[in-house]
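Visitor: Quick one, what's the 3D model for this:
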Amino acid sequence: MTAIDVRNLSIDLGYGLAKRRILGDVCFSVEAGESFGLVGESGSGKSTILRCIARLLNVWEGDIQLEGRSVNDMPFVEYCRAVQMVFQDPYGSLHPRQSIRTALQEPLRIHRMDRQVERMERALIDVGLDPAFLSRYPHELSGGQRQRVAIARALILEPRILLLDEPTSALDVSVQAEVLNLLADLRAKRNLTYLFVSHDLAVIDHMCERLAVMQHGRVVEVMSRDVLATGQAKDPYARELIQASLEYDHAV
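Guide: The predicted structure is shown next:
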């Protein structure tokens, strides 16, 4: 089954001579249980696509379907149970004056789910944190711990699809590996579908079976991990991006 189907997604901003197309006829699909990556230089439109799917942007044209249903036709409560998003900055995505208990309990309360304390404790355990963290505040946690809490909050409603917007780019390198391995384990255990945005091709190679390369708001090529590994992309920009990444990795 196709979990995410994006067809001719387009966004124009501005009016008259100042009008600018920031997304142009973007098309790709993600199968259920697959991890699919979006890569490209800054400003290529990767995060904008996630925000359209997450219903944080509504001024777009085209069609976005989730598990065969138009995203705009899904009741919002049902949508939130199916799709959640993990943002880039774990400190910015958590309210600084709310405890971890409040952050995790809010979605449970909104959706009137039972066994809330049990669910919160289990959510923390699943991301490698002790339930005692419920009484802490974001400023008392490290960056990696905050991102684990953000992942726990996204998973506490038991969604089937996770949208991941560079979830490790704000973390130290050693912590990045821990969080990526956690995400890989959670996906395997829960049969989750990932749409993973990153500028780091090494991260995409580690996490995704397929990826789409973006340039100037358009998808220039969709390829498998094998093509990424060999660098045999068809599109000139995609080849250049892969080569630049390989040269950087060798230099480091």
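
Visitor: And the helices in the stretch 51-200 of the chain, which stretches?
Guide: 76-82, 100-110, 116-126, 143-155, 173-190 (DSSP state H, counting those that start in this stretch).

Visitor: helices or strands next to the helix or strand where I22 lies in the packing?
Guide: Here I22, judged by DSSP states H and E, is contained in strand 20-31. Identification of packing neighbours for strand 20-31 by 3 or more C-beta pairs under 8 Å, 6 or more residues apart in numbering; DSSP states H and E yields strand 2-13, helix 46-53, strand 193-197, strand 218-224. All C-beta spots, glycine's among them, are computed from the backbone N, C-alpha and C.

Visitor: go again using 6 Å as the cut-off
Guide: Secondary-structure packing of strand 20-31 (3 or more C-beta pairs under 6 Å, 6 or more residues apart in numbering; DSSP states H and E): strand 2-13, strand 218-224.

Visitor: Quick check: which of those is nearest to A150?
Guide: Among these, the nearest to A150 by C-beta to C-beta is strand 2-13 (20.9 Å).

Visitor: buried stuff in that closest one?
Guide: A3, I4, D5, V6, L9, I11 (16 or more other C-beta atoms under 10 Å).

Visitor: between it and strand 20-31, what angle do the directions make?
Guide: 180 degrees (axes from the mean of the first three to the mean of the last three C-alpha atoms, to 10 degrees).

Visitor: got the angle between strand 2-13 and helix 46-53?
Guide: Going by the same axes, to 10 degrees, strand 2-13 makes 110 degrees with helix 46-53.

Visitor: before we move on, back to that, with mean neighbour count and distance to C27 added, can I get the helices of the stretch 51-200 of the chain in TSV?
Guide: Compiled in TSV, the helices of the stretch 51-200 of the chain are given as follows (neighbours: other C-beta atoms under 10 Å; distance: least, C-beta to C-beta, whole Å):
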stretch	mean neighbour count	distance to C27
helix 76-82	14	21
helix 100-110	18	32
helix 116-126	17	34
helix 143-155	23	26
helix 173-190	15	24
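
Visitor: Out of those, flag the one nearest L56.
Guide: Of the helices of the stretch 51-200 of the chain, nearest to L56 by C-beta to C-beta is helix 76-82, at 11.9 Å.

Visitor: average pLDDT across the closest one?
Guide: The average of the pLDDT scores along helix 76-82 is 93.

Visitor: can you list contacts of that helix?
Guide: Under the contact criterion C-beta atoms under 6 Å, 6 or more residues apart in numbering, helix 76-82 has outside partners L157, P159, R160.

Visitor: Same question for stretch 203-221.
Guide: Contacts of stretch 203-221 (C-beta under 6 Å, 6+ apart): 22-24, 26, 28, 34-40, 44-46, 196, 198, 222, 224-225, 228, 233-235, 237-238.
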